[in-house]
Structure formats: structure tokens, C-alpha cells
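J.: With the sequence up front, the predicted model follows.
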Amino acid sequence: MKDRILNIVENFEKDPGRMMDILLEVQSEFGCVSHEAVSIIASALNVSEVDVTQTRSFYHFFTCQPVGKYAVYVNNSVVSCMKGMSEVVDEFEKVTGIKFGSKTQDGLISLHYTACIGMSDQEPAALINSVVFTELNREKVRKLVADMRAGKAVQEMFTELGDGINAHPLVKSMVKNNIRKAGPVTLGEYTVGKGLMKALGMDSKAVITEVKDSNLRGRGGAGFPTGMKWDFCSRESGDHYVLCNADEGEPGTFKDRVLLTERAHMLFEGMAIAGYAIGAKEGILYLRNEYAYLKAYMESVLTELRNKNILGKNIHGKGFDFDIRVQYGAGAYVCGEESALIESAEGKRGEPRNRPPFPVQKGYKNKPTIINNVETFCSAVKIIENGSAWYKAIGTPESAGTKLLSISGDCKLPGVYEIVWGMSIKEMLDMVGAENVQAVQVAGPSGICLPPSQFDRKIALEDLPTGGSMIVIGKNRDLLKDVVLNFMEFFADESCGSCVTCRSFNMILKNSIEKIVEGHGIKKNIDEMMAWSEILRKTTRCGLGQTSSNPITTTIKNFKELYDMRVKDVEYQSEFDMSKAVKDSCEVVGRPAIIHE
Amino acid sequence: MSKPIIATASLAGCFGCHMSILDIDDRILQLIELVEFNKSPIDDIKTFTKQCDIGIIEGGCCNSENVEVLKEFRKHCKILISLGECAIMGGLPAMRNGIPVKECLEEAYLNGPTVGLNAEKVMPNDAELPMILDKVYPLHEIVKIDYYLPGCPPRADLIWAAVVALVTGDELNIPYELVKFD
Ligand SMILES: Cc1cc2nc3c(=O)[nH]c(=O)nc-3n(C[C@H](O)[C@H](O)[C@H](O)COP(=O)(O)O)c2cc1C
Ligand code: SF4
């Protein structure tokens, strides 16, 4: 083991900044990053063991005990639950004879839960050794387990390939694109290299001006004006970096997956244009590990672009050098937050930084850095190609251009839609064939839960801003239990733990909603949850804590009757149940549980 | 008017909070002027002999007896106070909350480094003993609690200020340093 690990460390030039890559390789090769491995890595990198352990312990996909030869990660996000995850889980447990969170005696199979893996349009889905399996059901699970027992390679466990690049020999995945509607920008016609060629013919300042004039705003959710960000960054001195945020962790979002699959060239071209504009030589695509099935393809596209001199040295003879590497995450939603993403790309725990300084001032390696979403870079390519006026003419006055929506949940046509900003929710629901809708979760768990009375509102940065996640929730769903509780479990799990209130209040809020769902809630709990949410929002460092109470506050606001129905109008109510509480200990010591009330 | 009556108990605590009560030093003489004690380790009265005004409880609930004592207090006291971290949050004993009770018992009686004397490897299971709960509960999850006095232990001055305010009806005036430790 030692030699092999030293080899891996060597391959990353003994650079502690590549800790993520080192740990990922060790995990993949040995099924875990054991304590022994930590020691070896630490001494090889000349850092303390704690430095290695703190990164190792932060990410979901690093384990200290070996996972199974086949490690099954079933997505337990809202849409997966809606589409029958519990049956899939039940079948896995039945046929393997083990519970989730454990491993078969022979070490062959281990079962785990994981947060949204970006497949909400084809749930229930799971990752097995980084290979994606979609639309699972009992029968498929039985077959999968039989295949594992027969020792089949994971890539050979499905027969049908997805459409488009998913069927490419370097991808060979069963994932479907589900592109339902292509628009004029990101999913429209595209010729590789045209945008960059044009940009290189312009002054770098003029490129920024063009992007500024287009009114392009960030597509990752926050909607910050992209041109302004590039401008700020370009004014700083020293080395510059271009980072692309492909962490796509917001449950219900999967549009970046489709861009990465079908528009990888465009994305890299967009990063190169940004690099030219701000004066950067290096770009990093931070790609969530859930999309590691695209790894070989990504590398081939990068090689192709280098061969075409769209990346590399002296691009198109214009004296501009730019290259890109792909940095994989390891399962942590908070790494989508830009400063956490930087930390992670530097090989550390994905803990958001205090701001200021902002990444445009001190970002990756403390150098001026721009971070943009995948869709933002892709849009920039078309803006340069067709001009800002062309782009600005699409959409609404405040929200220029198109937006990719990832629509999932209770609708006939889940998938990716490139819409023009300004579409109403009602129009959207008609478009996806959704009937009997109870609510639409706009912008994922950190967004808002919208009631039918507001379905005439518009999808636009000035009305309903969104990074693209739209989850349709039918009338048959138990909104508090199926949706709100699931979201709160997600946030409680994904908080990085730096801020006291984020660490504790998300847990308290989750427990409170659980109490209400189980019928132990009282009226006072509703006011308390509102008050705690307010404190949480105001006392946290990053967007996670600032929005994580939204599932609760927006449903209290918009679906108050669901709470009123469930809570009792009494001063105090305990959910403590003595017979339940003593059951286990009495069994262990072998005595009857005698309860006198 | 008769003096207000106080009862106190230590459940899954370390008696540190009670020690902190004693840290009011000579003010204990004033306290005796102000209040009467009923069930409490302070006067060693073991069972309630009358209805009380204020119940002060240290420690959370880790076993069935704790729960019964707590419920007795709720029945007999008009006002119930959670005193200290363990009562409010479970405190140190609640560090076992993430671990299944089976593992805790096995570590304590079968596998731990100090079980040498337990040659027959028995786990205490006499019907007389309290039953262990699946986790340590803070008091407010079991009965209604009216006030919380934070600290590990809460400072004597805080306990004093709170009790005096309660029995005199004066406004509670707590300086920042008494409840914030940052
Ligand atoms: C908890 C959290 C998770 C985030 N996840 C993502 C993400 O997965 N993808 C993304 O592009 N932006 C995400 N963001 C927003 C980024 O911080 C940042 O605003 C964005 O990448 C900037 O790019 P843009 O201006 O092109 O949108 C997240 C923010 C927070 C607070
Ligand atoms: S708000 Fe939450 S996720 Fe963000 S830095 Fe604070 S603890 Fe971490």
C-alpha cells in the first residue's frame, strides 16, 4: 500500500494543494482512506496528519472504513423519494440482507445514502462505484445485486445507453439528457471556437464591456452581473484564475449535467474567453464527484481543444496562453458556495471563507479569481459570438437571455428546458404536463415553496430568481413530511458546521418539523420556528445558513393551514415515550420493561 | 404571608450545579430568610411533603427514575427551572447520544478497560434498578420548563439573582458576564 500511495502523491508533485485528488485516488484504489493511509500521505506531503484528516473527514465520499467492492449510493433527495426510493431501498436491503449504512460480511456490497446526484429527471437513481444507474425499481435492483454477486464490471450492468454524448464510447452511460426544449443561447446552434476567435480579435477590455452590455447575470442562483465581476477581477494585479462552478448540488438541479455532456467544448471556450478578458492563464473546472462518469470524456475534449489550439500556448497565434484542469469534489453541497469551492480546490475542507476579501480580490491561492456557473460561461460564448445587443433583446429588461430549467417531480415531461426569462409558472406547468399541482418548489430547497395562488408569477431575476431547480409537487403529496422534512434533513447534513447557528439551528428546525409531522407539535412551535429561522438567517457566514430555513418559512407563509391542521392548541406537549425509550436497554441487559405511569 | 417554598434535585448531573448554589456563600443566610426548602439534597428531605413554588433541577434524564423524579417535580412545583447545561441540553452525559445504548452498555460492562472485576460479565438487570433510556434527554423534552439558567455550572450570582427576582417579584437584572462566556 505504501509504495502505491507514495506513487499517487508523487503523481501530484507532492503538492498539498492537490489533496483532494490524492484522497480521491486512494479512496478509489483501496475503498477507503484508512488511518494508515493518512499517515503515509501526511509524511509524503510533509504536512501534519490532522491536515490530511480534516480534509478526509469533511467529504461524504471519503471513508475511513473500506466500502464494499461495490459501493452503492442511493439518492435520497425529494424527487427520488417521490419516485419510489423506499421500494428500491427495501429491495436492496432484502436481497443483500444488510441495512443501509453497512456492508455485507464478505465485503462485496455496501449500501449508503447520498444527497441529490443530479438525476432528478430519472429517479430513483444511484451511483455504484461512480457509475450512474437511473430509473431503478425492484426488478432492476434484483438484477444489479445478482450481477454484483457474479462479479460483473459495473459498466456492464446496463445494456441501454443514454442519448447524445451519453452514448459516446468515453462516457457509455445510461443517463438521458431529456432535453425537452432548446433555446437560442446555450442549447442552440454552436460552432466550436468561433466565440473565442472573435474575442481574441478584440481588446480584453472590450470583451468585458461586451459582457457587461449584455446584462448577463450569473446563472448559479445569486444573479450577480457577470461583466461587473470580470471587470473587478481584471483590475486586480498578479496572477488571475478562472474557476467554473460545476458543483450543481442544489437538489432538483441537473441542467449543468446536460451542458457538461452536450456543451463541454462551449464551456471550456467560455472559460478561455473569460481568461482572456481578465488576464488569466489557468482555469479550473470544479466538477462534482457525482459527475465523475464524464471524466474520460472531459479529458478528451480538453485534449481536442489543445490540439485545435483553442487551449494551450499562444492560442490562435494571439500570444494568449490558457489551459484548464478538472478538479473533482467528493460529495459536499456546501462546496458549491464559491469560497468553499476555492478552499476545496486548494485541497482543504470545503468551509466558506469570511468575506471580504471577495474571490475577485483574493480567491484561488489568494489570487484574483472569477467563479462562474457552467451556464454563465456557455452564455458568454454566444454573447461574444452574436453581440450584446442580440442577447439583450432576449428575455425581460432586467433578466436578459435564456435560462435553463431543470424540471422534475410530479409532471409528465421532466427534463431540461431552455426558456426565455419571463415565463410564468403556469405556462411552465402547462409546458411540462403537470396537473393537480399543490406547489412548485422554485430554486430548490434554498428557494421558495410556491402555492397555486402565485402561479402567475414570472421566472425572472426580478420576480422568481432561480438557479434552475423546479420541483413540481402534486396534490397527493404530504408537503410537510415528503418535502419540508426531507429538505431540512438535507441542510442539517450539509452544514459545514463553522457557524454555531447553522450547525445547531438546522438540527433544531429539523427536529421541530419532525415533531409536527409526527403529531406532537403545538401552536407555539410554529412561532418559534419563525423566530429561530430569522436568527439563523442573520447570523450565518454563507448562503447555506442564510437560506436553509426557507423550506420552513415559505411553507409557513404559503401553506399555513397544513401546519394548523397538525398542531395542538395546548401550552406544552411532550413526545417522550417511556416504553420506547427503555426498550433497547432492557433488551440488552435482559429484563422486562415495567412502566408505571 | 408564608415564605415561598423551593425544592431541588440533581438528575443526570454531577452535583456541580448544586455546588454552585452553595457558592452563594454567606447569602445562604439571607436565602433562608427569604424561602423555605422542601425536597432537596440541601436539607436532605427525600420526598415532597407539600406543594412547592419553585423547583430547581440540575442534570438531564438518563434513566427511568430521572423521568419519574422530574414528573414529580412538575406535579409539585408551580415553577420549574432547568439549572445548567445538562438540564438544558443533556450536557456531558449526552455525549453517548450518538451511540446505540447496546454499545454503551457493552463497553461499560463487558469490553471496557475497567471491567476486570466483572468476571461473570453480567449486566445489571435487577428490577430495583432504574431502566436506562435510549439517550439522555434535556428536561424540557419531558415536562414543561419555565426558566433556564445556563452555565456549566451556572454562576452562583446568576442563581442568586434569578431566585431573588422570582421570590421578590423584582425585575431580573443579569449582567452580560453572568450568562455569556465568550
Ligand atoms: C450553499 C451554496 C451552494 C451553491 N451551489 C452552487 C452550485 O452548485 N453551482 C453554482 O453555480 N453556484 C452555486 N452557488 C452559488 C455560488 O456561490 C456562486 O454565487 C456562483 O457560482 C457564481 O457564479 P454565477 O455568478 O455565474 O452564478 C451556491 C451557493 C451556496 C451558498
Ligand atoms: S452558514 Fe452553515 S454552511 Fe455556511 S459557513 Fe456557516 S456553518 Fe458553514
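T.: Yep, it's here. A quick note: this is a predicted structure, and the numbers were derived from the prediction, not measured. Numbers count the residues shown, from 1 in each chain, chains lettered A, B, ... in the order given. Ligands and ions are numbered 1, 2, ... in the order given.
J.: my guess is B:L22 meets B:I28, correct?
T.: Yes. Counting by Cβ atoms under 8 Å, B:L22 touches B:I28, with 7.2 Å between them. (Glycine included, C-beta is placed from N, CA and C.)
J.: How many residues are close by A:E571?
T.: 9 (other Cβ atoms under 10 Å in any protein chain shown).
J.: part of a helix, is it?
T.: No. Counting by DSSP: H, G, I helix; E, B strand; the rest coil, A:E571 is not found in a helix; it is coil.
J.: so it makes contact with A:N525?
T.: No. A:E571 is beyond contact range of A:N525, at 11.8 Å (criterion: Cβ under 8 Å).
J.: For the closest residue to A:T466 other than its chain neighbours, grab phi and psi.
T.: With Cβ to Cβ, 6 or more residues apart in numbering or on different chains as the criterion, A:T466 has its nearest non-adjacent residue at 4.0 Å, and that residue is A:A443. Backbone geometry at A:A443, expressed as degrees, to the nearest 10, gives phi 70, psi 30.
J.: Tell me how many other residues crowd A:A443.
T.: A:A443: 23 neighbours (other Cβ under 10 Å).
J.: contacting residues around it?
T.: A:G221, A:E250, A:L464, A:P465, A:T466, A:G467, A:G468, A:S469 (Cβ atoms under 8 Å, 6 or more residues apart in numbering or on different chains).
J.: Show the low-confidence segments of the stretch 51-200 of chain A, by residue range.
T.: Within the stretch 51-200 of chain A, no range satisfies pLDDT under 70.
J.: Pick out the residue in it sitting closest to ligand 1.
T.: Nearest residue of the stretch 51-200 of chain A to ligand 1, counting by Cβ to the nearest ligand atom: A:G118, 9.5 Å away.
J.: Hmm, that residue is touching A:T253, no?
T.: Yes. Look at A:G118 against A:T253 with Cβ under 8 Å: they come within range, at 6.8 Å.
J.: Skipping adjacent residues, who's closest to A:G164 in space?
T.: Distances taken as Cβ to Cβ, 6+ apart place A:N177 nearest to A:G164, at 5.1 Å, with adjacent residues excluded.
J.: wouldn't the one you found be in contact with A:D163 here?
T.: Yes. A:N177 lies in contact with A:D163 (Cβ under 8 Å); the separation is 5.4 Å.
J.: quick one on the thing from earlier: reformat the contacts of A:A443 as JSON lines; add pLDDT.
T.: JSON lines is the format used below for the contacts of A:A443 (pLDDT from 0 to 100):
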{"residue": "A:G221", "pLDDT": "89"}
{"residue": "A:E250", "pLDDT": "96"}
{"residue": "A:L464", "pLDDT": "97"}
{"residue": "A:P465", "pLDDT": "96"}
{"residue": "A:T466", "pLDDT": "95"}
{"residue": "A:G467", "pLDDT": "95"}
{"residue": "A:G468", "pLDDT": "94"}
{"residue": "A:S469", "pLDDT": "97"}
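J.: Among the residues you listed, give me the pair with the biggest separation.
T.: Distance extremes for the contacts of A:A443: the farthest pair is A:E250 and A:L464 at 14.8 Å, using Cβ to Cβ.
J.: So those two - more neighbours on which side?
T.: A:E250 (24 against 20).
J.: hmm, back to that, A:N177 and A:D163 - which one has more neighbours?
T.: Neighbours around A:N177 and A:D163, counted as other Cβ under 10 Å, are more numerous at A:N177. The numbers are 19 against 13.
J.: Show the contacting residues for that one.
T.: A:G162, A:D163, A:G164, A:N166, A:V258, A:T261, A:E262, A:G415, A:V416.
J.: pLDDT on the helix or strand harbouring A:E269, on average?
T.: Secondary structure assignment for A:E269, by DSSP states H and E: helix A:264-278. Helix A:264-278 carries an average pLDDT of 98.
J.: The residue positioned nearest the centre of chain B: what's its closest spatial neighbour, skipping adjacent residues?
T.: Residue closest to the mean C-alpha point of chain B, counted by Cα atoms, centre = their mean, is B:E58 at 1.6 Å. Of all residues not flanking B:E58 in the chain, B:C17 sits nearest, at 3.7 Å (Cβ to Cβ, 6+ apart).
J.: Check the burial of that neighbour by counting its neighbours.
T.: The burial count assigned to B:C17 is 27, neighbours taken as other Cβ under 10 Å.
J.: That one: what secondary structure?
T.: helix.
J.: Assumed A:P251 was part of a strand.
T.: No. Read with three-state DSSP, A:P251 is coil and lies in no strand.
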